[in-house]
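Undergrad: I'd like to go over a predicted model; first the sequence, then the structure.
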Amino acid sequence: MKLRIATLTDLDAITTLEHVCFPPNEAASRESFINRLQAFPGHFWVLESEGRLVGFINGMVTDNETIRDEMFAHANLHNEEGKWQSVFGIAVSPEYRRNGYAGQLIRHLIEKAREEERAGVTLTCKEYLVPYYEKFGFRDLGISNSVHGGEVWHDMMIQFGEHLR
């Protein structure tokens with residue numbers, strides 16, 4: 001497995017995988033991925049196996065401690081100097097699941113956020129995934145204000161320490 005920064009040449013594979021992994025009301029569009037890859041390319045990673053994209057993780061940097069819905073629609077809200085690394089999406093191809101690849105992606109993003117001296121990492125997830133993210137050190141902040149895709153989300157956060165940028 002090879003982990004690397006995503007590029008626009010990955011766009012078709014990313015978009016296809018997104019639509020395999022998420023229902024239509026939650027899946028990001030091709031245009032959204034173009035915007036993300038242009039606005040925060042250093043915060044969008046892909047996992048490859050023998051040249052095939054099998055997973056990805058992405059999210060903007062922000063000063064918001066939680067994810068707001070407008071962040072999904074406006075990649076230009078990315079603030080490279082922001083305190084918080086967000087996670088907009090993590091996806092692994094169904095045939096590669098249950099091998100620890102999603103965990104590898106999330107640990108990579110957490111480590112990069114630490115290296116960049118962020119305050120922490122924030123994401124939203126459905127209730128059934130709360131225990132999964134808690135295994136990585138995230139804590140559940142309760143029901144999110146996000147109504148992305150018409151769903152109920154939980155705000156999750158890892159805070160690295162008292163020193164904020």
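TA: Structure received. Only a predicted model underlies this, so the values are computations on that prediction, with no experimental measurement involved. Residues are numbered from 1 along each chain as shown.
Undergrad: from here on, just use CA atoms for contacts and neighbour counts.
TA: Fine.
Undergrad: please enumerate the strands of the protein.
TA: For the chain, the strands defined by DSSP state E cover 2-5, 44-49, 52-58, 61-62, 84-87, 89-92, 120-125, 139-143, 154-159.
Undergrad: out of these, flag the one nearest Leu105.
TA: Judged by Cα to Cα, the one of the strands of the chain that comes nearest to Leu105 is strand 52-58, at 6.3 Å.
Undergrad: neighbours of the closest residue to Gly120 other than its chain neighbours, how many?
TA: Computed as Cα to Cα, 6 or more residues apart in numbering, the closest residue to Gly120 that is not its neighbour in sequence is Gln159, at 4.3 Å. For Gln159, the count of nearby residues is 18 (other Cα atoms under 10 Å).
Undergrad: same deal with Thr15?
TA: The burial count for Thr15: 18, using other Cα under 10 Å.
Undergrad: mind pulling up the pLDDT for Thr62?
TA: Here, the pLDDT recorded for Thr62 equals 96.
Undergrad: then Ala73?
TA: With respect to pLDDT, Ala73 has a value of 88.
Undergrad: that one contacts Ser32, correct?
TA: Yes. Look at Ala73 against Ser32 with Cα atoms under 8 Å: they come within range, at 7.0 Å.
Undergrad: for the helix-or-strand element of the chain with minimal mean pLDDT, which residues meet the burial criterion?
TA: Ranked by mean pLDDT, DSSP states H and E, the helix or strand of the chain with the weakest confidence is helix 69-73, at a mean of 91. Across helix 69-73, burial judged by 16 or more other Cα atoms under 10 Å covers Met71, Phe72.
Undergrad: and it, how far from the chain's centre?
TA: Chain-centre distance of helix 69-73: 13 Å, with Cα atoms, centre = their mean, to the nearest Å.
Undergrad: ok, now stretch 88-97?
TA: 11 Å.
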